[in-house]
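Asks: here is my input; please provide its structure:
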Amino acid sequence: MMPSVSVVVPVYRSENSIPVLVKELAAVLPAIAGRYEVILVEDDGGDGSWQVIEAMSAEYEFVRGFKLMRNFGQHNALLCGIRAASCELLVTMDDDLQHPTDQIKALIDKLAEGYDVVYGTPANLRHGPLRNMASQTTKVVLQGVMGAETARNVSAFRVFRTNLRDGFAHFRGPLVNIDVLLTWSTSSFVAIHVAHAPRTIGKSNYTFGKLVTHAFNMMTGFSTLPLRLASALGLLMTAFGSVILAYIVLSQLFAFRFEVPGFTFTASLVSIFAGVQMFALGIIGEYLARMYLRVMDRPAYVVRQLTGGAGEDSE
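Replies: All right, here's what the predicted structure looks like:
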């Protein structure tokens, strides 16, 4: 018996690519799913994407649309779609046509081997050098957060069992990372290589700066790693200062040929230790800011409008 499949796509300024993607999914899904739906979450991109989604939901009964009140971010939009899904398996993919729809079956087949999450990792990234470097940096950070080797192979093209969302059913807050949230429910991850098509419509909205910010938000929002690094750096600088102090004291006691530098030497030490202290305080401040956001209980997303039905039975 074929599984039921929900496909969730966050949409941002993709009015030209969405019709093509939905058409591809309409051709692929009937052969691999007993029941299926496509959930398009429009993240208030300010273009005509929502009108296109409304047209797609009118043309295809399996298409459902959610329009968010403002731009919350890709992972926030994904969380909205994930919580709205009604099928037993959940596929997430981008709206830029770079994720091959014909590889969804391969991901589902791998999932059937007993895994809970399967990533479709690009064999060759089709981005610029800076974007590729930032993506790899983000994945290294994510590995420390997730505590899983597969983190280096994470991708927005993924399939997982829908019941994993029970592990973060009560999660609230503006900072969302789906891959981290999935680790709250399982440690059974695997990745397979898939083709990564070049982008032919529009341009990527993820810049180098945005990816660096995303990595920093992951570290301070879902991990205590930065606090541990600040502690280790403080310990290292304390040891460094102690060695220098011991050397100066011994040189004076045993009359080494060593003249203690004056203002420059002292100012350098003060600057180093002050810098370390400010760095540690900055890390603590970031965590306090995250706690403040949680206390405010800001939602991860707010839906403005819905369109479409509840899915189609292909049998």
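Asks: when you work out contacts or count neighbours from here on, use the C-alpha atoms and nothing else.
Replies: Fine.
Asks: just give me the residue right at the centre of the chain.
Replies: The C-alpha lying nearest the average C-alpha coordinate of the chain belongs to residue 177 (C-alpha atoms, centre = their mean; 4.4 Å).
Asks: that one and residue 77 touch, don't they?
Replies: No: the pair residue 177 / residue 77 is not scored as a contact, 10.6 Å apart, by C-alpha atoms under 8 Å.
Asks: sorry, back to before: skip the chain neighbours and tell me the closest residue to the residue nearest to the centre of the chain.
Replies: For residue 177, the nearest residue in space outside its immediate sequence neighbours is residue 75; the separation is 5.7 Å by C-alpha to C-alpha, 6 or more residues apart in numbering.
Asks: for the one you found, which three-state class applies?
Replies: Three-state assignment for residue 75 (DSSP: H, G, I helix; E, B strand; the rest coil): helix.
Asks: if I look at it, how far off is residue 43?
Replies: Distance from residue 75 to residue 43, counting by C-alpha to C-alpha, to the nearest Å: 10 Å.
Asks: coming back round to it: the residue nearest to the centre of the chain and residue 236, how far apart?
Replies: Between residue 177 and residue 236 the distance is 32 Å, computed by C-alpha to C-alpha.
Asks: now residue 32
Replies: Taken as C-alpha to C-alpha, the spacing of residue 32 relative to residue 236 amounts to 56 Å.
Asks: looking at these two, which is more packed in?
Replies: Neighbours around residue 32 and residue 236, counted as other C-alpha atoms under 10 Å, are more numerous at residue 32. The numbers are 18 against 12.
Asks: the more buried one is in contact with residue 2, isn't it?
Replies: Yes: the pair residue 32 and residue 2 qualifies as a contact (C-alpha under 8 Å) at a distance of 6.4 Å.
Asks: hang on, the earlier thing: residue 75 and residue 43: which is more packed in?
Replies: For residue 75 versus residue 43, neighbours defined as other C-alpha under 10 Å are more numerous around residue 43 (26 against 19).
Asks: for the more buried one, what are its contacts?
Replies: Applying C-alpha atoms under 8 Å, 6 or more residues apart in numbering, we find residue 43 in contact with 10-12, 67-74, 77.
Asks: what about residue 1, how many neighbours?
Replies: Counted by other C-alpha under 10 Å, the residues lying close to residue 1 total 6.
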